[in-house]
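Peer 1: Structure here, sequence nowhere to be found:
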Ligand code: COI
C-alpha cells in the first residue's frame, strides 16, 4: 500500500479529497495491529503559544531530539477514537469533542499546550477523510484514530518542553483482544498497582499504560501452572485500588462494569479511574434502557455475586467477561444472548455505525 502523497495544509472545513476506493486489505481478518495508512496529521506549537494550522503528511517516522521531553520524562498524552463507514459511504465519528476536551484537561495536568476543541475535531475529520480507503466496509470494523500530544522540544533537566507536537495517525481495526468477540478471561492483579491517589490515573498519559500491560508475562508461567488443567490463559488483568486493595479499579486497557439483576455498577471517577468516553456513553444508554447505574467504589468481593461483568473502552468496545480469577478462585459470568452486555453492545455499536438513529447528537457525519 505504498502511496504517492505529499504534505497538504489542512483547511478548517470541507474534505479536501474524495476517494471511494478501498485499500487492498483482508477486511475479514482485522485485529488490532498497526496497519500504516496514507496520511498522518501533524501540528507543532511552541510553549506559551497556540496551535495554528496543521498539515497532513504521508504516514511515516517522525524526527525527535534524543532529549525530547516525551522520550526522557514521559510528557505525553494520547487519545483513541474510531471512524465507521455507513452503508451510504459516509464516515461517522463518535463524540470526538469528548476526546478533545479530555486531551485539553490532560494537557493542563501535564503542563502542555493543547489544540482547541475545534482544531482537534477538524484534524480528526481530515485524517479520517484523507485515509478513507482504509476505513473498513460496514460491519467489518473501523478506522482507529490515535491522536498524540507530545513534548517534542528538547530538555535536559526536568521541565516542560519548549515545543509540542499534536499528531494523529490511523489504522483499520476490528477486535482488540485475540479472543475476538468471545468472552474475556481476567485475572485480578494484586502485586502491581495501576494508579495511585492524586497521581495521573484519570489522565490519558502515555506513562500510565506501559507498566500495566507488561506485568502479565511475569505471571503467566505461575498462572499457567495453576490453570493448566483447565487449559486457560488470561485475556488481561484487572487492577484493584492501590490504597486498600479491596475495590475494583480498571482492566489495563478499559473500564469495568458489573451487573446484578437490573443494577449495574462501575468504579466512580475518583481520580484514579480513566473517565472513558465509552464508559460514559454506556452509563447513559443503560439508564435510558431502564437500568439502575451506580458509579461508586465496587468491592472486589462483589465479583462473587455478580451475574455479569463487562469491559468498555474505545478500542475494546463493550466486551463480555466470561470468567475472573481472584486469589485462586475462578468466578464465571453469564455471557451471550439476552445479557445486558449484549444489549448495550448492540445499542452502542448501532449508534456508532449509523444503524440505530442517533437521538443524542453523538455522531458527526463527514
Ligand atoms: C482506547 O481504548 O482507545 C485506548 O486508548 C486504550 C488503549 C490501551 C488501546
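Peer 2: Arrived safely. Treat the numbers as computed from the prediction; the structure is a model and nothing was measured.

Peer 1: what does this protein put close to the ligand?
Peer 2: 80, 209, 253, 313, 314, 315, 316 (C-beta under 6 Å from any ligand atom). Backbone N, C-alpha and C define where each C-beta goes, glycine included.

Peer 1: Separate out the buried members of these.
Peer 2: Neighbour counting by 16 or more other C-beta atoms under 10 Å classes 80, 253, 313, 314, 315, 316 among the residues of the chain next to the ligand as buried.

Peer 1: and the residues of the chain next to the ligand, which of them are in strands?
Peer 2: Among the residues of the chain next to the ligand, the ones falling in strands (DSSP state E) are residue 313.

Peer 1: ok so, going back, what is the lowest-pLDDT residue among the buried ones among the residues of the chain next to the ligand?
Peer 2: In terms of pLDDT, the lowest of those is residue 253, showing 91.

Peer 1: Enumerate every residue touching the residue of the stretch 151-300 of the chain found nearest the ligand.
Peer 2: Distances between the stretch 151-300 of the chain and the ligand by C-beta to the nearest ligand atom are smallest at residue 253, namely 3.6 Å. Counting by C-beta atoms under 8 Å, 6 or more residues apart in numbering, residue 253 touches 176, 209, 213, 236, 313, 315, 316.

Peer 1: Quickly list what the closest residue to the last one other than its chain neighbours is bridged to.
Peer 2: Ranked by C-beta to C-beta, 6 or more residues apart in numbering and with sequence neighbours excluded, the top spatial neighbour of residue 316 is residue 254, at 4.3 Å. Using DSSP bridges, the bridge partners assigned to residue 254 are residue 251.

Peer 1: Ramachandran angles for the residue of the stretch 1-150 of the chain found nearest the ligand?
Peer 2: The minimum distance from the stretch 1-150 of the chain to the ligand, using C-beta to the nearest ligand atom, falls at residue 80 (2.3 Å). Residue 80 adopts backbone torsions of phi -150, psi 130, taken as degrees, to the nearest 10.

Peer 1: Can you tell me the closest non-neighbouring residue to it?
Peer 2: residue 314 (4.3 Å).

Peer 1: tell me the pLDDT at the nearest residue to residue 332 once chain neighbours are set aside?
Peer 2: Take residue 332 and drop its neighbours on the chain: the residue closest to it by C-beta to C-beta, 6+ apart is residue 323, 4.9 Å away. On pLDDT, residue 323 comes in at 95.

Peer 1: The ligand versus residue 323, what's the distance?
Peer 2: 21 Å (C-beta to the nearest ligand atom, to the nearest Å).

Peer 1: what sits opposite that residue in the beta ladder?
Peer 2: residue 185, residue 332.

Peer 1: which regions of the protein sit below the pLDDT cut-off?
Peer 2: 1-20, 213-232 (pLDDT under 70).

Peer 1: center of it - which residue?
Peer 2: Centroid-nearest residue in the chain: residue 314, 4.0 Å away (criterion: C-alpha atoms, centre = their mean).

Peer 1: That residue: what's it in contact with?
Peer 2: By C-beta under 8 Å, 6+ apart, the contact list for residue 314 reads 80, 81, 82, 144, 276, 277, 278.

Peer 1: export the residues you listed to TSV and tack on secondary structure and distance to residue 200?
Peer 2: Listed next are these as TSV, based on DSSP: H, G, I helix; E, B strand; the rest coil; distance: C-beta to C-beta, whole Å:
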residue	secondary structure	distance to residue 200
80	coil	17
81	strand	21
82	strand	24
144	strand	23
276	coil	15
277	helix	18
278	helix	20
